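Student: sequence plus the predicted model coming up.
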Amino acid sequence: MNMKKMNVTNRMYEAGALAIVRAETLDRACEIAEGCMKGGVPVMEMSYTLNNAGDIIQGLSEKYGDALCVGAGTVLDAETARHAILHGAAFIIAPNYNEEVAKMCNRYQIPYAPGCTTITECVDALSSGAAFVKAFPISDFYGPKLVKVFKTPIPDMPILASGGINLDNLTTWLENGVDVCGFGGLLTKGSSEDIAANAAKIHEIITSFRCGK
């Protein structure tokens, strides 16, 4: 029995964080991946703002196998979603909600996290099988309280937030109920060692918060 969608969703939740990557070469993507894995955040999104994202996802999947959970970001339409999935993307993240992408992801049993701004969009996305609702771009604007606002009418809404989350406010985001946090610079800039150090701090904050609940 293939439990792919459930397993990947669970893995994303367990990590509680992911790297949002726009690396232009496979070599750089590998440096980032190794730092993230070493620090305890083995989940990364390769953005389709780069036209070689599919090749990089495939390269990472072949090199690291199950040690790394790599998906595609900035997936605006079903054609891009299928391209990413055929190149080995384990999940799909987007700044927008698109029903055709939701169907494509369900067909291939891939978790989908569409960007939603309103409760209506969130409910539509969940109804179409989205694994997470991505609070984007509003997380940048409203900050951590946004998650609580969404979860008040729909307590079981799984939320992935990116934009504005850092080491200083991560605990506040977690307290407000965010399930997965996306990080750009902290998990993508500097050497593999720099990334590993930041990933370890993020991992520690998430682990201690969840253990203390």
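Tutor: Looks like it arrived, so ask away.
Student: strand partners (parallel or antiparallel) of the host helix or strand of Met46?
Tutor: If you go by DSSP states H and E, Met46 is part of strand 43-47. Paired strands of strand 43-47, with direction, are strand 17-21 (parallel), strand 69-73 (parallel) (DSSP bridges).
Student: list the buried residues for stretch 130-139?
Tutor: When neighbours are counted by 16 or more other CB atoms under 10 Å, the buried residues of stretch 130-139 are found to be Ala130, Ala131, Phe132, Val133, Lys134, Ala135, Phe136, Ile138, Ser139. Quick note: C-beta positions are derived from backbone N, CA and C, even for glycine.
Student: and that stretch, what's its mean pLDDT?
Tutor: With pLDDT averaged residue by residue, stretch 130-139 scores 88.
Student: neighbouring contacts of it?
Tutor: Under the contact criterion CB atoms under 8 Å, 6 or more residues apart in numbering, stretch 130-139 has outside partners 5, 8-9, 12, 91, 93-95, 97, 102, 111-117, 122, 125-126, 146-147, 150, 157-165, 178-180.
Student: with stretch 182-199 instead?
Tutor: Defining contact as CB under 8 Å, 6+ apart, one finds that stretch 182-199 is touched by 17-23, 31-32, 34-36, 38-41, 44-45, 93, 160-163, 165-167, 202.
Student: of those residues, buried ones?
Tutor: Buried members of the contacts of stretch 182-199, scored by 16+ other CB under 10 Å, are 17-23, 31-32, 34-36, 38-41, 44-45, 93, 160-163, 165, 202.
Student: restricted to helices, list those residues.
Tutor: Secondary structure assignment by DSSP state H places Glu31, Ile32, Glu34, Gly35, Cys36, Lys38, Gly39, Ile202 of these in helices.
Student: tell me how many other residues crowd the nearest residue in space to the third one that is not next to it in sequence.
Tutor: In this structure, Glu34 finds its nearest non-sequential neighbour in Ser192, 5.1 Å apart by CB to CB, 6 or more residues apart in numbering. Burial of Ser192, expressed as a neighbour count using other CB atoms under 10 Å, amounts to 17.
Student: now find how far off-centre the helix or strand where Lys63 lies is within its chain.
Tutor: Element membership of Lys63 [criterion: DSSP H and E] is helix 53-64. Average the C-alpha atoms of helix 53-64, do the same for its chain, and the two points are 16 Å apart (CA atoms, centre = their mean, to the nearest Å).
Student: let's have the chain start at 674 instead
Tutor: Happy to do that; since the first residue is 674 now, the last one works out to helix 726-737.
Student: appreciated, that's everything.
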